[in-house]
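>>> Got a predicted model here, sequence first, then my questions.
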Amino acid sequence: MKGSFYFVYLCSKELQMINSVRQTVMSVLNKNNYGYISPSDFNLFAKQAQLDLFENYFYSYNYQISKENARQSGTGYADITKGLEEVIDTFSVTLPLLREGSTTFPESLYFLPSLTTTNNDYYIINKNLVYNKVLISNASTTLTNGGGTLVADTTQDFIASGVQVGDIASTVTNGVTYNTIVSSVVSSTQLLVRPNAGGVLVWNAIAKNYYIYAGRNVKEAEKVTHSKITMLVNSLLTAPNLTYPAYTQNGDYAEAYPDTINGIGQLVSQYIRFPFIPKWTFVDLVNGEPAFDEGAADYQDFELPNDDEVNLVMKILQYAGMSIREIQAVQFAQSSEQQSEQEEK
C-alpha cells in the first residue's frame, strides 16, 4: 500500500468507504454481466479482504525495514515505513488488564486481551507496562460527584501521600478495569479524575477498591519463557523486581513477576487489535433493490486508509469471481492487484 497518514484514515470514515467499494464492485460485475452478489456475501468478502490487507501491512512493514537496512528506501514523502507505522498505530490500544480475582490463582495473574476474557481481540501484543510505585491502596468512602469523576476517601491524606496531577487512579467498574488520570487534587480526601473516554461513570459507588500509582513511574515488563523464568526468580542477580519486571504468558493470562505486582490496573497492555468487522447495512425499497443504510445500529465501515479502496475492490472481486464461478472476474482482479503491487515496490 502507499504511504498513508492518520488524517486520511479519518476522512475515509466520513466518506463511507464501504458503500463506495460495494458500488464499484457491483458496477464491474454488472457491466461485464459476471453476475450478482448479495449483501450478505459482500459482507463476508469484505471481512476477508480487510483482514488480508491488514495482515499485509506487517509484511510490507518488514519489507520496508529490510530496504532501509540495505539503504534502498527514501526519506520525506518517500518514507514508506513511516506511513505504514502510522496506519498500524491507528489500531493501537492501551488497556489496563483485569486481575484474576479468584483465590485459587496467584494475585499477580492478569487476563490478557481476548474475546473470551475481556471482550477485546488483539493481533499482537507490543508491550506490557507496570506501574511500579503504589501511592495508596484502599476503598472509597463517600460519593458526592454525580459525574463519576470524584475519588473520595476520608481515611486517606492524598496530599501527604504525594498524589499529583497526572497520577493514575485505578478501580473496577462492571467487571472492567479503568485507569483514570488525576486532573486535580481537590483536598486531602478528594481527587478529581478525567472523564472516561467511553462515557462510563467509573467512580459511581461507595466502597470501591482502588489503587493510585505515580503516573511517571512506569516500566516495561520483559516477556520471558516458562523455561527461563524458573532460573530467573531463583537468582539473586537476575530475579525480576519492580525496576526490571517480567511476565510469562499462560494461555489467556499474564503472570507478573515479582508477585508484588498485584494491584488493580497495575499491569497495562499496549497491543494492536484486529480491525472491526465491516458490515454494509441496507433497507429494502419497494422494488426489492437494497439501499445503503448508514444509520443502522450494526453498520460498520472499513477501518483501512482511503488509498486501500482500490485494493479492497480487487480483493472482493476475486472472492466474488470464485463465488459465481467466473474466472474472468478473478483474473481481472488479480492482474490489477499485481500491477498495483509492482508499482508500489
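That came in fine, so what should we check first? Fair warning: this is a prediction, and the values are worked out from it, not measured in the lab.
>>> what's the burial count for residue 183?
Look at residue 183: counted by other CB atoms under 10 Å, it has 14 neighbours. Bear in mind the C-beta positions are built from the backbone N, C-alpha and C, glycine included.
>>> can you check the one 3 residues further on too?
Other residues within reach of residue 186 by the criterion other CB under 10 Å amount to 14.
>>> which other residues reach the host helix or strand of residue 212?
For residue 212, the host element (DSSP states H and E) is strand 209-213. Residues outside strand 209-213 that contact it (CB atoms under 8 Å, 6 or more residues apart in numbering) are 131, 133-140, 151, 153, 158, 161, 163, 167-172, 182, 191, 263-266.
>>> Give me the buried subset of those residues.
Taking 16 or more other CB atoms under 10 Å as the criterion, what is buried in the contacts of strand 209-213 is 131, 134-136, 140, 151, 153, 158, 163, 167-172, 182, 191, 263-266.
>>> still on that earlier bit, give the rounded mean pLDDT of the strand holding residue 212.
If you average the pLDDT over strand 209-213, you get 95.
>>> helix or strand right after that strand?
Strand 209-213 is succeeded, C-terminally, by strand 218-223 (DSSP H and E).
>>> Next, the angle strand 218-223 makes with the helix or strand following that following strand.
Sequence-wise, the next helix or strand downstream of strand 218-223 (DSSP H and E) is helix 226-233. Interaxial angle, helix 226-233 versus strand 218-223 (axes from the mean of the first three to the mean of the last three CA atoms, to 10 degrees): 130 degrees.
>>> I'd like to check what contacts helix 226-233. Which residues are they?
224, 238-240, 246, 248, 257.
>>> pull the helix or strand with minimum mean pLDDT from this protein.
Scoring the helices and strands of the chain by mean pLDDT, DSSP states H and E places helix 6-14 at the bottom, with a mean of 43.
>>> starting at the chain centroid, how far to the following helix or strand past that one?
Following helix 6-14 in sequence order, the next helix or strand is helix 17-31 (DSSP H and E). On the basis of CA atoms, centre = their mean, to the nearest Å, helix 17-31 sits 29 Å off its chain's mean C-alpha point.
>>> What residues sit buried inside helix 17-31?
17-22, 24-25, 28-29.
>>> Which SSE is immediately downstream of it?
helix 39-69.
>>> Next, the angle from that following helix to helix 17-31.
110 degrees.
>>> Over helix 39-69, what's the mean pLDDT, rounded is fine.
pLDDT averaged over helix 39-69 gives 93.
>>> In PDB, could you pull the C-alpha coordinates for whichever helix or strand comes after that helix?
Remark: after helix 39-69, the chain's next helix or strand is helix 80-89, criterion DSSP H and E. C-alpha atoms of helix 80-89 as PDB (Å, rounded to 0.1, in the frame of the first residue of the first chain):
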ATOM      1  CA  ILE A  80       7.000   4.400   3.100                       C
ATOM      2  CA  THR A  81       7.900   2.900   6.500                       C
ATOM      3  CA  LYS A  82       6.600   6.000   8.300                       C
ATOM      4  CA  GLY A  83       3.300   5.800   6.500                       C
ATOM      5  CA  LEU A  84       2.900   2.100   7.400                       C
ATOM      6  CA  GLU A  85       3.700   2.800  11.000                       C
ATOM      7  CA  GLU A  86       1.000   5.400  11.200                       C
ATOM      8  CA  VAL A  87      -1.600   3.200   9.700                       C
ATOM      9  CA  ILE A  88      -0.700   0.300  12.100                       C
ATOM     10  CA  ASP A  89      -0.800   2.700  15.000                       C
END
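>>> Report the contact partners of the residue lying closest to residue 319 once chain neighbours are set aside.
Leaving aside its chain neighbours, residue 319 sits nearest to residue 45 (4.0 Å; criterion: CB to CB, 6 or more residues apart in numbering). Neighbouring residues of residue 45 by CB under 8 Å, 6+ apart: 37, 315-316, 319-320, 323.
>>> on that earlier part again, redo the contacts of helix 226-233 as a markdown table? Include distance to residue 273.
As requested, the contacts of helix 226-233 are exported to a markdown table (distance: CB to CB, whole Å):
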| residue | distance to residue 273 |
| --- | --- |
| 224 | 24 |
| 238 | 33 |
| 239 | 33 |
| 240 | 28 |
| 246 | 24 |
| 248 | 22 |
| 257 | 26 |
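>>> where along the stretch 51-200 of the chain do the strands fall?
In the stretch 51-200 of the chain, the segments counted as strands under DSSP state E, counting those that start in this stretch are 92-96, 109-111, 122-131, 134-139, 150-152, 168-173, 176-185, 190-193.
>>> looking just at contacts, which helices and strands does the first one meet?
Strand 92-96 is packed against strand 176-185, strand 267-273, with contacts defined by 3 or more CB pairs under 8 Å, 6 or more residues apart in numbering; DSSP states H and E.
>>> Tell me which of those sits nearest to residue 58.
strand 267-273 (8.7 Å; CB to CB).
>>> partners of the closest one, with directions?
strand 92-96 (antiparallel), strand 122-131 (antiparallel) (DSSP bridges).
>>> deepest of those, which one?
Highest mean neighbour count among those (mean count of other CB atoms under 10 Å): strand 122-131, with a mean of 18.
>>> any idea of the mean pLDDT in that strand?
Across strand 122-131, pLDDT averages out at 94.
>>> which other residues reach that strand?
54, 91-93, 97, 112-114, 168, 213-215, 217-221, 223, 242, 245, 247, 254, 256, 261, 263, 265-274.
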